[in-house]
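K.L.:
make a model of this:
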Amino acid sequence: MGREYQIKCAVPKGADLTALLQKLPSPINRNPMCEIYNYSVEPNGFYFVDHLVDSRRASEALRIFIDAGLARGDSVEITEI
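P.N.:
Modelled structure (predicted):
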């Protein structure tokens, strides 16, 4: 179990989306082998889940998604699901 978030914002397209995803830290913790976070790109923003494994990397990834939304609009709406 983890924390799930819906980040409502304008989604980058094409090369901007590719550049955004390349900025993300690795979502895998190697020791023990487990997933730190996961995400999906949705029409109205991003879905993000923090698996509570590595708070530093998960918060870095979450910040990247929030910054991307703010770069394309004046605000983002974040809801914990």
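K.L.:
which pLDDT value goes with Lys23?
P.N.:
pLDDT recorded at Lys23 is 97.
K.L.:
isn't it up against Asp67?
P.N.:
No. Contact status for Lys23 versus Asp67: not in contact, 9.1 Å apart, counting by Cβ atoms under 8 Å. Using the backbone N, CA and C atoms, a C-beta is placed for each residue, glycine as well.
K.L.:
can you pull the contacts of Ser59?
P.N.:
Asp50 (Cβ atoms under 8 Å, 6 or more residues apart in numbering).
K.L.:
name the helix or strand for it, please.
P.N.:
In this assignment (DSSP states H and E), Ser59 forms part of helix 55-71.
K.L.:
check which element follows that helix along the chain.
P.N.:
strand 77-80.
K.L.:
quick one: buried residues of that next one?
P.N.:
Neighbour-count burial for strand 77-80 flags Ile78 (criterion: 16 or more other Cβ atoms under 10 Å).
K.L.:
could you do stretch 59-71 as well?
P.N.:
In stretch 59-71, counting by 16+ other Cβ under 10 Å, buried: Ala61, Leu62, Ile64, Phe65, Ile66, Ala68, Gly69.
K.L.:
pLDDT on stretch 72-79, on average?
P.N.:
Taken as a whole, stretch 72-79 carries a mean pLDDT of 93.
K.L.:
and for stretch 9-20?
P.N.:
In the prediction, stretch 9-20 has an average pLDDT of 92.
K.L.:
so how far is that stretch off the chain centroid?
P.N.:
12 Å (Cα atoms, centre = their mean, to the nearest Å).
K.L.:
then that stretch to CSV, C-alphas only?
P.N.:
Extracted C-alpha coordinates of stretch 9-20, given in CSV (Å, rounded to 0.1, in the frame of the first residue of the first chain):
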residue,chain,number,x,y,z
CYS,A,9,-3.0,20.0,-14.8
ALA,A,10,-2.2,20.6,-18.5
VAL,A,11,-0.2,17.7,-19.7
PRO,A,12,3.0,18.3,-21.8
LYS,A,13,2.9,16.9,-25.3
GLY,A,14,5.4,15.2,-27.6
ALA,A,15,9.0,16.1,-26.9
ASP,A,16,8.1,18.1,-23.8
LEU,A,17,6.6,14.9,-22.3
THR,A,18,9.6,12.8,-23.3
ALA,A,19,11.9,15.3,-21.6
LEU,A,20,9.8,15.3,-18.5
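K.L.:
good, we can wrap up now.
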